[in-house]
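Enquirer: okay, structure incoming, though there's no sequence with it:
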């Protein structure tokens, strides 16, 4: 009798080997293949970033010069049509540019000496709006309604927007003349920050001398159709600073300021107008009632009131009204203060 054909026995299944559809299999997949997949994705992204950075640096270096620029990799990672400007590293060592930055840093630290703020680097210390807020409040004599401390980028930009809008409104710069904005300042563009500080110092007649004709070589990078394009431009930061400040003809006070500015800090004592008012009373021989001025002025407006009142007393005494603005005296403009004091000296030098 023919025997029925035997079926080959199926391979025994291990009781511990889960089927592909079982929950334990999926868990193992998540723990091993998932991690492997995540690692591969991260490596792919890292490679893409590296290639993008290399593409950006090559796009900048090759069309311009064989010099290798020490660029921040972030400067080459742009969105489509985004434009970014940066100072040519070769231009950063320009003595006049370094002098301009030092003059502005010293000025800011002098204005904010009572705030316990010390600025060491303009880009790093001003980008979030905190120092700019304090500087403007001191110069303008008003308190801005902004948060004192901001940590997130969104909060910093919101604060910076408020501060810059108030600055632009105060210094009356036309829209076409504004060379700074929230994005450029927050991105730590030293060019934008220098334009802003120069405009502030000139508007408020800062007692500083800005170097003439400071310019920097700027690299402008833009991404178009996925390709980075670059060009270089010469950006002028200061022109003829004497002309910009309205002083075209030099006189003896300019010479004195040039050669001995450190000897003239004493005139800052007249900045709040109190000494000027009291001095006029002594020179004219009368007592000035205390209700006419602020003996201990607490803000910018009160100081301006005092200086304006002293100017009125000078006119009552037969002098011409001083040409400097009261704000110039309050802002410690040395030459303006010296001119007022010199006029008093020539008028009363023979009075016993």
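Expert: In hand now; what should we look at? Model, not experiment: these values are computed from the prediction. Residues are numbered from 1 along each chain as shown.

Enquirer: quick one: contacts for residue 215?
Expert: With contact taken as CB atoms under 8 Å, 6 or more residues apart in numbering, residue 215 is in contact with 234, 235, 236, 237. All C-beta atoms are positioned from the backbone trio N, CA, C, and that covers glycine.

Enquirer: could you measure from the third one over to residue 191?
Expert: Distance from residue 236 to residue 191, counting by CB to CB, to the nearest Å: 10 Å.

Enquirer: show me which of those two is the more surrounded one.
Expert: residue 191 (18 against 11; other CB atoms under 10 Å).

Enquirer: next structured bit after the strand or helix carrying that one?
Expert: Using DSSP states H and E, residue 191 sits in helix 190-203. Counting by DSSP H and E, the element after helix 190-203 in chain order, helix or strand, is strand 215-224.

Enquirer: of all the residues in that following strand, which ones are buried?
Expert: Neighbour counts over strand 215-224 (16 or more other CB atoms under 10 Å) mark 215, 216, 217, 218, 219, 221, 222, 223 as buried.

Enquirer: quick check, nearest of those to residue 106?
Expert: Nearest to residue 106 among the buried residues of strand 215-224, counting by CB to CB, is residue 216 at 19.9 Å.

Enquirer: how about the closest one: which residues does it bridge to?
Expert: With DSSP bridges applied, residue 216 shows beta-bridge pairing to residue 235.

Enquirer: tell me how far it lies from residue 191.
Expert: Distance from residue 216 to residue 191, by CB to CB: 6 Å.

Enquirer: could you do residue 101 as well?
Expert: Taken as CB to CB, the span from residue 101 to residue 191 is 12 Å.

Enquirer: cool, residue 103 as well?
Expert: For residue 103 relative to residue 191 (CB to CB), the value is 17 Å.

Enquirer: can you report how many residues lie near residue 348?
Expert: Counted with other CB under 10 Å, the neighbours of residue 348 add up to 15.

Enquirer: run through the residues that contact it.
Expert: Here residue 348 is in contact with residue 283 (CB under 8 Å, 6+ apart).

Enquirer: kindly report the same for residue 310.
Expert: Taking CB under 8 Å, 6+ apart as the test, what residue 310 contacts is 273, 276, 277, 279, 280.

Enquirer: quick check, it in a helix?
Expert: Yes: assignment of residue 310 by DSSP: H, G, I helix; E, B strand; the rest coil places it within a helix.

Enquirer: for the chain, just list every one of the helices.
Expert: For the chain, the helices defined by DSSP state H cover 23-31, 33-64, 95-111, 122-126, 130-140, 153-171, 182-186, 190-203, 241-244, 252-259, 274-284, 300-316, 326-330, 334-348.

Enquirer: check the ones you listed for me: which has the lowest mean pLDDT.
Expert: Among these, helix 23-31 carries the lowest mean pLDDT, a mean of 43.

Enquirer: gap between residue 296 and residue 303?
Expert: 11 Å.

Enquirer: what do residue 216 and residue 191 both touch?
Expert: With CB under 8 Å, 6+ apart as the test, residue 216 and residue 191 both reach 87, 235, 237.

Enquirer: how many neighbouring residues does the first one have?
Expert: Residue 87: 19 surrounding residues under other CB under 10 Å.

Enquirer: wouldn't it be in contact with residue 190 here?
Expert: Yes: at 5.9 Å, residue 87 and residue 190 qualify as touching, with contact defined as CB atoms under 8 Å.

Enquirer: I'd say residue 276 and residue 269 touch.
Expert: No: Residue 276 is not in contact with residue 269 according to CB under 8 Å; the separation is 10.0 Å.

Enquirer: so what sits against both of the two?
Expert: Contacts common to residue 276 and residue 269, judged by CB under 8 Å, 6+ apart, are absent.

Enquirer: who's more crowded, these two?
Expert: Comparing residue 276 with residue 269 by neighbour count (other CB under 10 Å), the higher total belongs to residue 276, at 26 against 12.

Enquirer: residue contacts, that one?
Expert: 270, 306, 307, 310, 329, 340.

Enquirer: got these as TSV, with distance to residue 206 columns?
Expert: Formatted as TSV, the contacts of residue 276 follow (distance: CB to CB, whole Å):
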residue	distance to residue 206
270	17
306	20
307	17
310	22
329	13
340	18
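
Enquirer: tell me how many other residues crowd residue 201.
Expert: 23.

Enquirer: measure it to residue 292 for me?
Expert: Taking CB to CB, one finds residue 201 at 32 Å from residue 292.

Enquirer: which elements pack onto the helix holding residue 191?
Expert: If you count contacts as 3 or more CB pairs under 8 Å, 6 or more residues apart in numbering; DSSP states H and E, helix 190-203 packs onto strand 83-87, helix 95-111, helix 122-126, helix 130-140, helix 153-171, helix 182-186.
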